[in-house]
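Peer 1: pasting the sequence and the predicted coordinates here, then a few questions.
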Amino acid sequence: MKKINEMKTKIMLSKDFCKMEAVRYVAFRLGTTPERVLKRYFIQSGIIHSNDELAPDFCLTPNEMALFCDLGVHPSMIEIN
């Protein structure tokens, strides 16, 4: 059987989102990093898919998801390689 190459995606997001007070607060509350919080946001919102081994071991609340959406936390560009 021939293996099909998988497409890899790269999400470009400004580092400023990791410095936002709301993102840093949620990360502090969860005992993790802002980068992991944003990764969880993208997984929960369906923007990226991740297997269970690589996914952060927490979930964001509906209020946190809405907060990030209202703050404009969206990828500026998605590259598919």
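Peer 2: Arrived safely.
Peer 1: helices of this structure, residue ranges please.
Peer 2: For the chain, the helices defined by DSSP state H cover 16-19, 21-30, 34-44, 62-70.
Peer 1: export the ones you listed to JSON lines and tack on distance to residue 56, mean pLDDT and mean neighbour count?
Peer 2: No exception for glycine: its C-beta is placed from N, CA and C like everyone else's. Formatted as JSON lines, the helices of the chain follow (distance: least, Cβ to Cβ, whole Å; pLDDT from 0 to 100; neighbours: other Cβ atoms under 10 Å):
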{"stretch": "helix 16-19", "distance to residue 56": "14", "mean pLDDT": "84", "mean neighbour count": "13"}
{"stretch": "helix 21-30", "distance to residue 56": "8", "mean pLDDT": "94", "mean neighbour count": "16"}
{"stretch": "helix 34-44", "distance to residue 56": "4", "mean pLDDT": "88", "mean neighbour count": "20"}
{"stretch": "helix 62-70", "distance to residue 56": "13", "mean pLDDT": "91", "mean neighbour count": "14"}
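Peer 1: which one of these lies closest to residue 50?
Peer 2: Smallest distance to residue 50 across those (Cβ to Cβ): 5.3 Å, for helix 34-44.
Peer 1: elements contacting the closest one?
Peer 2: helix 16-19, helix 21-30, helix 62-70 (3 or more Cβ pairs under 8 Å, 6 or more residues apart in numbering; DSSP states H and E).
Peer 1: and residue 41, which of the ones you listed is closest to it?
Peer 2: helix 62-70 (5.1 Å).
Peer 1: distance to residue 39 for the helices and strands packed on helix 34-44 - can I get that in a markdown table?
Peer 2: Below are the helices and strands packed on helix 34-44 laid out as a markdown table (distance: least, Cβ to Cβ, whole Å):
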| stretch | distance to residue 39 |
| --- | --- |
| helix 16-19 | 11 |
| helix 21-30 | 11 |
| helix 62-70 | 12 |
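Peer 1: ok, which of those comes nearest residue 48?
Peer 2: helix 62-70 (14.1 Å).
Peer 1: so the closest one versus helix 21-30, what angle?
Peer 2: 150 degrees (axes from the mean of the first three to the mean of the last three Cα atoms, to 10 degrees).
Peer 1: alright, I will stop here.
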